[in-house]
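**Student:** quick one, what's the 3D model for this:
(one chain, ligands or ions: 1)
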Amino acid sequence: MEKKKDIVMSGIRPTGFLHLGNYFGAISNYVKMQEEFNCFFMVADLHSLTTHPDTKELKANVYRVLAENIACGLDPDKVALYCQSHLSETAELYLYLNMMAYKGELEKTTTFKDKVRLNPENVNAGLLTYPVLQTADIILHRAKYVPVGKDQEQHLEMARTFTNRFNHRYGEVFPEPVAFNYNQKLVKVPSLDGEGKMSKSESQLATLYLADSDDMIIKKVMKAKTDSGPSEKNAPKPDYIENIFTLMNLVCTPATIQHFEDDYNNCSIRYGDLKKQLACDMVNFIAPIRNKVDAILKDEDGLKQIMKKGAEKANISAAETMKQVRKAMGLNYF
Ligand code: ADP
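**Tutor:** Residues are numbered from 1 along each chain as shown. This next block holds a predicted model:
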């Protein structure tokens, strides 16, 4: 008998153009995982409402995120690729899990505190319970592995806490979900200004988007912060230089990286040359994906079919889970 495949779940918010962080933190893992796991990947439209209540751009963004995932290599025939709001069971499970999440622990979440700081006018309850909704998304399919970037580490810890509370209170329904990356360590793709991570909606000039034109990529990379170079051999790298090497590691050949490492260590590095090389390798990496996205987006009917088929697959798994949940919770009265 064929061994049952482990279940994988992850999602990306449709809050703007996807960037290198989304690619290396999440999608590159999705693409590998689709070959060996039972995968559920969604466009997290409900999550986006916590910070982006204006829905004028939402539909276009949902289609774009779908197209970008497919252009990066996700195969809708191999995975369930769907939209979060097409699974009504998500809301039901979210409600039950909210009874297991305490205000104090939610208020301590780093991403919540960051978002409150960025937007003090819109501290809504959805923002506070973001990690609860995320837990519902994951365990709705009884997923074990969650491919995400390093910024999601704390959310995954919370997902384990809520899952364990449920299992403890009502019986073992769910496996404990864990964050996953093929390289063991979770990835953080730094922003080009040396401040924090690349992100869809913040620091746009310091983020490389999969939709950026060649000229824009070159412009952004050439503006990355550097200095006049090390004055001592084998000196430790300042954070902003370390970040540039981190970006080189994503797209340059090992020989190129070694060349600039050697130049750095013997104090002969020319950051202008390094950035030109990095810009060229970034263009070679991003341009083919950008061109594929443009072609996929032209076929709106095709994308609709993909979304429908994805929702059908995901609904089957969600319905089965919720049957078990209601039974475990004693909510089955007939
Ligand atoms: P964003 O923060 O850009 O809005 P999302 O919250 O939609 O992105 O996250 C989608 C996925 O991309 C998550 O798995 C997240 O961990 C990953 N991700 C986002 N930014 C980065 C980054 N700079 N480096 C690594 N992974 C990232």
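
**Student:** wait, what's in contact with residue 239?
**Tutor:** Residues in contact with residue 239 (Cβ atoms under 8 Å, 6 or more residues apart in numbering) are residue 194. In short, each C-beta sits where N, CA and C put it, glycine included.

**Student:** tell me the confidence at it?
**Tutor:** Note on residue 239: pLDDT of 92.

**Student:** give me phi/psi at it?
**Tutor:** Backbone geometry at residue 239, expressed as degrees, to the nearest 10, gives phi -50, psi -50.

**Student:** strands of this structure, residue ranges please.
**Tutor:** With DSSP state E as the criterion, the chain has strands at 7-12, 38-43, 80-83, 145-147, 178-180.

**Student:** ranking the ones you listed by burial, who's on top?
**Tutor:** Comparing the strands of the chain by mean neighbour count (mean count of other Cβ atoms under 10 Å), strand 38-43 ranks first with a mean of 26.

**Student:** tilt between that strand and strand 7-12?
**Tutor:** Using axes from the mean of the first three to the mean of the last three Cα atoms, to 10 degrees, the inter-axis angle of strand 38-43 relative to strand 7-12 is 10 degrees.

**Student:** which other helices and strands does strand 38-43 contact?
**Tutor:** Under the contact criterion of 3 or more Cβ pairs under 8 Å, 6 or more residues apart in numbering; DSSP states H and E, the helices and strands touching strand 38-43 comprise strand 7-12, helix 28-33, helix 58-71, strand 80-83, helix 300-329.

**Student:** that one near the ligand anywhere?
**Tutor:** No. Shown here: strand 38-43 not in contact with the ligand (Cβ under 6 Å from any ligand atom), separated by at least 9.4 Å.

**Student:** tell me which residues of stretch 295-314 are tucked away?
**Tutor:** Judged by neighbour count (16 or more other Cβ atoms under 10 Å), stretch 295-314 contains these buried residues: 296-297, 303, 306-307, 310-311, 313-314.

**Student:** what residues does that stretch touch?
**Tutor:** Applying Cβ under 8 Å, 6+ apart, the external contacts of stretch 295-314 come out as 40, 42, 63-64, 66-67, 70-71, 76, 79-83, 86-87, 141.

**Student:** what's the mean pLDDT across that stretch?
**Tutor:** Predicted confidence along stretch 295-314 averages 98 (mean pLDDT).

**Student:** chain center to stretch 60-76, what's the gap?
**Tutor:** In terms of Cα atoms, centre = their mean, to the nearest Å, the centre of stretch 60-76 is found 13 Å from the chain centre.

**Student:** how about stretch 222-241: buried residues?
**Tutor:** Neighbour-count burial for stretch 222-241, with 16+ other Cβ under 10 Å as criterion, is recorded at 224-226, 230, 240-241.

**Student:** flag every residue of this protein that's near the ligand.
**Tutor:** By the criterion of Cβ under 6 Å from any ligand atom, the positions of the chain lying close to the ligand are 12-13, 15, 21-22, 24-26, 148-149, 151-152, 187-189, 197-200.

**Student:** looking at the stretch 51-200 of the chain, what residue ends up closest to the ligand?
**Tutor:** Per Cβ to the nearest ligand atom, residue 149 is where the stretch 51-200 of the chain lies closest to the ligand, at 2.1 Å.

**Student:** which residue comes closest to that residue once chain neighbours are left out?
**Tutor:** Computed as Cβ to Cβ, 6 or more residues apart in numbering, the closest residue to residue 149 that is not its neighbour in sequence is residue 25, at 2.5 Å.

**Student:** repeat that for residue 72.
**Tutor:** Spatial nearest neighbour of residue 72, excluding adjacent residues (Cβ to Cβ, 6+ apart): residue 27 at 4.7 Å.

**Student:** related to what we said a few turns ago, looking at the buried residues of stretch 222-241, which two lie furthest apart in space?
**Tutor:** With distances taken as Cβ to Cβ, the most widely separated pair in the buried residues of stretch 222-241 is 224 and 230, at 16.7 Å.

**Student:** low-confidence stretches in the stretch 201-334 of the chain?
**Tutor:** By pLDDT under 70, the stretch 201-334 of the chain contains no weakly predicted segment.

**Student:** ok and the residue in it nearest the ligand?
**Tutor:** residue 201 (6.1 Å).

**Student:** surely that residue is in contact with residue 17?
**Tutor:** No. No contact is recorded between residue 201 and residue 17 when judged using Cβ atoms under 8 Å, the distance being 9.7 Å.

**Student:** and those two? Which one has more around it.
**Tutor:** Shown here are residue 201 and residue 17; by other Cβ atoms under 10 Å, residue 17 has more neighbours (19 against 14).

**Student:** which ones are touching the spatially closest residue to that one that is not a sequence neighbour?
**Tutor:** Closest residue in space to residue 17, ignoring its immediate chain neighbours: residue 209 at 4.2 Å, by Cβ to Cβ, 6+ apart. The contact partners of residue 209, taken as Cβ under 8 Å, 6+ apart, are 17-19.

**Student:** JSON lines for those, including distance to residue 110 and pLDDT?
**Tutor:** Listed next are these as JSON lines, based on distance: Cβ to Cβ, whole Å; pLDDT from 0 to 100:
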{"residue": "17", "distance to residue 110": "24", "pLDDT": "95"}
{"residue": "18", "distance to residue 110": "23", "pLDDT": "97"}
{"residue": "19", "distance to residue 110": "20", "pLDDT": "97"}
